[in-house]
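J.: Build me a model:
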Amino acid sequence: MPTAFSWLSTPFSVQTPVPASTIASKAPSPQQGLQYVPALDGLRAVAILLVLVHHGLQPLPFAGFLGVDIFFALSGFLITTILLAELNRYDRIRLGLFYWRRAVRLYPALLIAIVAILPFGLLIRGSKHLFEVALAATYLTPVAGQFFGKSGLTWLQTWSLGIEEIFYLIWPFTLILLFSRRVPGKWIVSLALGLILDGAQIVLASTGQDASYFLRAGGLFLGCSFALWLAEHRDAHFAPSWGYAGALTIAFGVVTAGFWPAFSSLAYIAAAAGTVAAIASIVAGPGNAFALKSVLSVPPVVYVGKISYELYIWHYPMAILFMLAAGTDQLINVGWYAIPGSAVLAVITHHALVRPAARWKKRFS
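T.: Numbering: from 1, shown residues only. Next up, the predicted model:
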């Protein structure tokens, strides 16, 4: 049965790059082979709404931070799918183009938010804000947070961006190595990496230590492993129950980690695994009215998913600075107006960058 990945129809290999003239006649640009699936943006909407509610309600026990693990699993799946399409078409990964596209997609919105918030941050936080901006702009927030404590209060949410940037640097080369060595069961290698990181997180939690930013990357590799598995099983088909089982697993993780923080390390795994099940139902399941795919494809939900990155960038520094300006130490006191305000800025930023970003990507494609 054809799936959203039916274009993955020939064996993968890494060979000497073929001449440009051959490439031109062989295939269109990689992006033309990737079918857009609105429900995946709907899944992003679920992730960002969990994060927004989590921060907006702090310190109430709502574990919406698991939205990050949804983002991680989805990102691992999509990035691996894009890279596999490159290998399939050109027998190589064009690393320069890959990194350029990532930079165009991610950095402009972050830079706009940093510049716009800078005067207010300096006014409220003083020189500390400059240090936090430096960490955010260089994607070093997780490094500082891991080894020196939470050294980036205003931009603390950028720890996840830093983890993804490290992943982007490592994973393409890992894929090239796996395919050049013709490693069998490549998805098992990725799954093992994810389980090792998740297992280490559980062990760390059992000792009473704080969660590790870097070990949260286990969700990324779970998403990668499913993309690799699906490439090897192109006729795979998943019933609608997979999608709802995934949604229930995520919900279970949110409830469990909210009321019993000691179970957070298990909840990270539940969120990532539930996301993979949801992705399976979306990309290789039926499109009937009872499927999760239909629920997540509702236009307003899809739109929230499309602006999810900008929402993620804006909401936390806005909430923190409003909290400090109001002289309170609880985000719940300002979240009711700081989060909607950041949503307005996210919408403006997204639409201001859509066309320029498309031109920048095309220029070097």
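J.: quick one: secondary structure of the most centrally placed residue in the chain?
T.: The geometric centre of the chain, computed from its C-alpha atoms, lies nearest to residue 71 (CA atoms, centre = their mean), at 3.3 Å. For residue 71, the reduced secondary structure class is helix; criterion used: DSSP: H, G, I helix; E, B strand; the rest coil.
J.: and the gap between it and residue 302?
T.: From residue 71 over to residue 302 the distance is 16 Å, taken as CB to CB, to the nearest Å. Bear in mind the C-beta positions are built from the backbone N, C-alpha and C, glycine included.
J.: so what's residue 154 up against?
T.: Shown in contact with residue 154 (CB atoms under 8 Å, 6 or more residues apart in numbering): 117, 121, 125, 129, 132, 133, 316, 317, 320, 321.
J.: Then residue 59?
T.: With CB under 8 Å, 6+ apart, residue 59 has these contacts: 330, 331, 332.
J.: Please pick the buried ones from these.
T.: For these, a neighbour count by 16 or more other CB atoms under 10 Å gives the buried set as residue 331.
J.: Return the member of the contacts of residue 59 nearest to residue 345.
T.: Each of these was scored against residue 345 by CB to CB, and residue 331 proved nearest at 17.3 Å.
J.: chain center to the strand or helix carrying residue 49, what's the gap?
T.: When elements are defined using DSSP states H and E, residue 49 is found to belong to helix 38-57. Computed by CA atoms, centre = their mean, to the nearest Å, the chain-centroid distance of helix 38-57 equals 11 Å.
J.: Remind me what it packs against, helices and strands.
T.: If you count contacts as 3 or more CB pairs under 8 Å, 6 or more residues apart in numbering; DSSP states H and E, helix 38-57 packs onto helix 67-90, helix 264-283, helix 292-296, helix 299-306, helix 308-325, helix 335-363.
J.: do that again at 6 Å, thanks
T.: If you count contacts as 3 or more CB pairs under 6 Å, 6 or more residues apart in numbering; DSSP states H and E, helix 38-57 packs onto helix 67-90, helix 292-296, helix 299-306, helix 308-325, helix 335-363.
J.: The spatially closest residue to residue 80 that is not a sequence neighbour: what's it in contact with?
T.: The spatially closest residue to residue 80, leaving aside those adjacent along the chain, is residue 227, at 3.7 Å (CB to CB, 6 or more residues apart in numbering). Contacts of residue 227 were listed using CB atoms under 6 Å, 6 or more residues apart in numbering, and they are 77, 80, 81.
J.: Surely the first one and residue 223 touch.
T.: Yes. With contact defined as CB atoms under 6 Å, residue 77 counts as touching residue 223 (3.8 Å).
J.: which residues touch residue 315?
T.: 52, 339, 342.
J.: for these, which one is nearest residue 99?
T.: Sorting the contacts of residue 315 by distance to residue 99 puts residue 342 at the head of the list, at 28.2 Å, by CB to CB.
J.: Tell me how many other residues crowd that closest one.
T.: Around residue 342 there are 26 other residues, counting by other CB atoms under 10 Å.
J.: Tell me where the model's unsure across the stretch 201-350 of the chain.
T.: By pLDDT under 70, the low-scoring segments of the stretch 201-350 of the chain are 289.
J.: change it to 50
T.: Filtered on pLDDT under 50, the stretch 201-350 of the chain yields no residues whatsoever.
J.: show me what contacts the nearest residue to residue 324 once chain neighbours are set aside?
T.: Sequence neighbours aside, residue 124 is the residue nearest to residue 324 in space, at 5.1 Å (criterion: CB to CB, 6+ apart). Taking CB under 6 Å, 6+ apart as the definition of contact, the neighbours of residue 124 are 321, 324, 325.
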